[in-house]
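Visitor: Sequence isn't available, so here's the structure alone:
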Ligand code: ADP
Ligand code: MG
């Protein structure tokens, strides 16, 4: 048996089981070793029955004294089996519902061990549905509980772990002896053994610390390696230091805010130096990031380079294109658009004009990172709503040019510590000021049908005053879930009441969506019923009401983004969160939304309510999933691992030394094909 053997080499694992294991990401014996328990059950001691306490799950054993099969429990059509279990300190009642079959397997006088949580029923302790087995075979200790999938049982997982235990010593350490010493870590074999079969809590904690360290080391090494590929040794395009950006700034219908001015200064300093820019602009929704990006693009073109901006949705990309091309036309700058849904002939023309340099600015969806997109002289790449893209997409965009200046923009504030993980040594500019004259949005949570009616009465009054409204629903059609108001249902309802109502959702044809968005922009539609397709970036200043149906289904960050669609003009704007049912989390979110409009504060509260996994999972940032490590909880370990990874890569940038081979292998496995590693 070898670590790299397929798991089918293990007794009892056939092709069917292997399929089930594949769902858990387990293909080799080594993968199985790295399948760690989710939690543990403390079955260290067999507890005397007289010492059992209400609510404290425990292992106890004794003889089955009296057994009372039959009978139906009150109100239920199930058979109940009651038995009295006695050891030499006392007795306790054990109850199974719906388990007539057990009467055949359990007999009076049997000696059994039980594991369960005592509860009080009619003044006496009893245990309902405990796990049980023969007292003779019971294993004491801390029992691992593994993640499972259908076709694999807990018992089987434990058996297999025991079976492969002899291989534990062969698992390679990805850390050098010095790193282990410096960070007071336990050795690998100890870590593996004690994460699967800890004899004591303390041993488990030591094991976990080591494994979390390993995960962060792997993550950081991978990120740094890919970033080395991002970081430029040589020189990038140098834009002209001639103040040309002023020409564009002066053409804007408004003066820049101080925060925008500062941001432009920071960007300009990067652009006119030969060191390529690598900068993140963080600014709350509505803070005016687009204008800043446009200024940078203008400067690129005036310096003889092309610029590209990638946006996460077609609607947003198109909106950017329309605004930006209009502004740039006045300067004779040619702007092109690219998206997946374009006709092949249109696309061909744009690609040709890009390659020969006649299109100077390209705006588009992720279509702009496809292999057939070739630039003539790309000097600046911009990613809007960066949090919607993965690390690998950001890198692909950058690779379209020869060490181009990179600007990424996001409205989703992330705690600084996490920003360092995600963006590494990227410079950060913050737009911490809203354009003047914005009136704070009034936010209200509504529950119950009466409140809904009043809400739409309000919408009607707003429409009469010339405003427009968004109504957002979580789902596309009713079949997806019974209890959420679907976009079609809400649309049909509202269309009866408001004559100029339209609906928009992700499953519609692009041309249809574009048409509706254009009409909404032009004020030809009063009520736009939508799924979250309008979540990011859309800008229609006359829209003053945002109604969110089933608001309990959205996370805080998303609610904040959605609310950011209103309050963009000179009108007092409103956001109504219609909450169905009662949930504590939903109420908390609602309260936070009512009280705050500060994206940074909201993001931190979101983190507290949801935990980092959901927000900073693979989907959000293109980072691989961690097994044990948690970027927020284990921040100090992360920092220590980063220092080690940095030192290691400085000494061995491509991990060529034989002693770094295990780490290299692990990094490649973690990132898979997602990342171009410069190893
Ligand atoms: P975001 O940062 O969310 O991307 P946008 O760039 O879409 O925000 O800007 C939101 C709105 O604010 C737009 O209508 C834009 O024209 C306007 N805007 C941007 N900067 C200013 C400013 N300095 N003064 C007034 N309005 C501005
Ligand atoms: Mg924007």
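Guide: Structure's in. What do you need? The shown structure was predicted, so the numbers you read here are calculated from the model rather than taken from an experiment. Numbering: from 1, shown residues only. Ligands and ions are numbered 1, 2, ... in the order given.

Visitor: contacts and neighbour counts: CA atoms only from here.
Guide: Will do.

Visitor: Leaving out chain neighbours, which residue sits closest to residue 4?
Guide: Spatially, and ignoring its direct neighbours in sequence, residue 4 is nearest to residue 28 (5.5 Å; C-alpha to C-alpha, 6 or more residues apart in numbering).

Visitor: who are the neighbours in contact with the one you found?
Guide: 3, 4, 5, 6, 7 (C-alpha atoms under 8 Å, 6 or more residues apart in numbering).

Visitor: Name the nearest of these relative to residue 595.
Guide: residue 7 (54.0 Å; C-alpha to C-alpha).

Visitor: hmm, back to that, which PyMOL command selects the buried ones in the contacts of residue 28?
Guide: The PyMOL selection below is limited to those of the contacts of residue 28 classed as buried (16 or more other C-alpha atoms under 10 Å):
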select buried, resi 3+6+7
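
Visitor: Tell me the gap between the lengthiest strand in the chain and the middle of its chain.
Guide: In terms of residue count, the longest strand belonging to the chain (DSSP state E) is strand 58-68. Distance of strand 58-68 from its chain centroid, counting by C-alpha atoms, centre = their mean, to the nearest Å, is 47 Å.

Visitor: Next, the buried residues of it.
Guide: Neighbour-count burial for strand 58-68 flags 58, 59, 60, 61, 62, 63, 64, 65, 67 (criterion: 16+ other C-alpha under 10 Å).

Visitor: cool, stretch 441-459 as well?
Guide: 441, 442, 443, 444, 445, 446, 452, 455, 456, 459.

Visitor: try stretch 34-46
Guide: Across stretch 34-46, burial judged by 16+ other C-alpha under 10 Å covers 34, 35, 36, 37, 40, 42, 43, 46.

Visitor: So what sits opposite residue 79 in the bridge?
Guide: residue 72 (DSSP bridges).

Visitor: For it, give its distance to residue 116.
Guide: Distance, residue 79 to residue 116, by C-alpha to C-alpha, to the nearest Å: 20 Å.

Visitor: tell me the secondary structure for the residue in the stretch 551-679 of the chain positioned nearest to ligand 1?
Guide: At 5.7 Å from ligand 1, residue 568 is the closest residue in the stretch 551-679 of the chain, using C-alpha to the nearest ligand atom. What DSSP: H, G, I helix; E, B strand; the rest coil gives for residue 568 is coil.

Visitor: For residue 522, see how far away the closest residue to it other than its chain neighbours is.
Guide: Nearest residue to residue 568 in three dimensions, chain neighbours excluded: residue 541, at 4.7 Å (C-alpha to C-alpha, 6+ apart). Separation of residue 541 from residue 522 (C-alpha to C-alpha): 11 Å.

Visitor: so what's residue 555 closest to, chain neighbours aside?
Guide: Counting by C-alpha to C-alpha, 6+ apart, residue 555 lies nearest to residue 606, which is 7.2 Å off, once chain neighbours are set aside.

Visitor: And the helix or strand containing the one you found, what's buried?
Guide: Taking DSSP states H and E as the definition, residue 606 sits inside helix 599-610. Under the neighbour-count criterion of 16+ other C-alpha under 10 Å, helix 599-610 has 599, 600, 602, 603, 604, 605, 606, 607 buried.

Visitor: what do you get for stretch 370-386?
Guide: For stretch 370-386, using 16+ other C-alpha under 10 Å, the buried residues are 373-386.

Visitor: what do you get for stretch 189-205?
Guide: 189-199, 203-204.

Visitor: how about a markdown table for those, with distance to ligand 1 added?
Guide: Output for those, formatted as a markdown table (distance: C-alpha to the nearest ligand atom, whole Å):
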| residue | distance to ligand 1 |
| --- | --- |
| 189 | 51 |
| 190 | 51 |
| 191 | 47 |
| 192 | 47 |
| 193 | 50 |
| 194 | 49 |
| 195 | 46 |
| 196 | 48 |
| 197 | 51 |
| 198 | 50 |
| 199 | 54 |
| 203 | 49 |
| 204 | 46 |
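
Visitor: Format those residues as CSV; extra columns: pLDDT and secondary structure.
Guide: Output for these, formatted as CSV (pLDDT from 0 to 100; DSSP: H, G, I helix; E, B strand; the rest coil):
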residue, pLDDT, secondary structure
189, 96, helix
190, 97, helix
191, 97, helix
192, 97, helix
193, 95, helix
194, 95, helix
195, 95, helix
196, 95, helix
197, 92, coil
198, 91, coil
199, 85, coil
203, 92, helix
204, 92, helix
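
Visitor: can you tell me which two in those are farthest apart?
Guide: Greatest spacing in these, by C-alpha to C-alpha: 189 and 199 (14.4 Å).

Visitor: How about the contacts made by the residue of the stretch 51-200 of the chain found nearest ligand 1?
Guide: Of all residues in the stretch 51-200 of the chain, residue 147 sits closest to ligand 1, at 40.8 Å by C-alpha to the nearest ligand atom. By C-alpha under 8 Å, 6+ apart, residue 147 lies in contact with 35, 36, 37, 38.

Visitor: mind listing which of these are in helices?
Guide: With helices taken from DSSP state H, there is no overlap with the contacts of residue 147.

Visitor: now for the residues you listed, which pair is the farthest apart?
Guide: 35 and 38 (9.1 Å).
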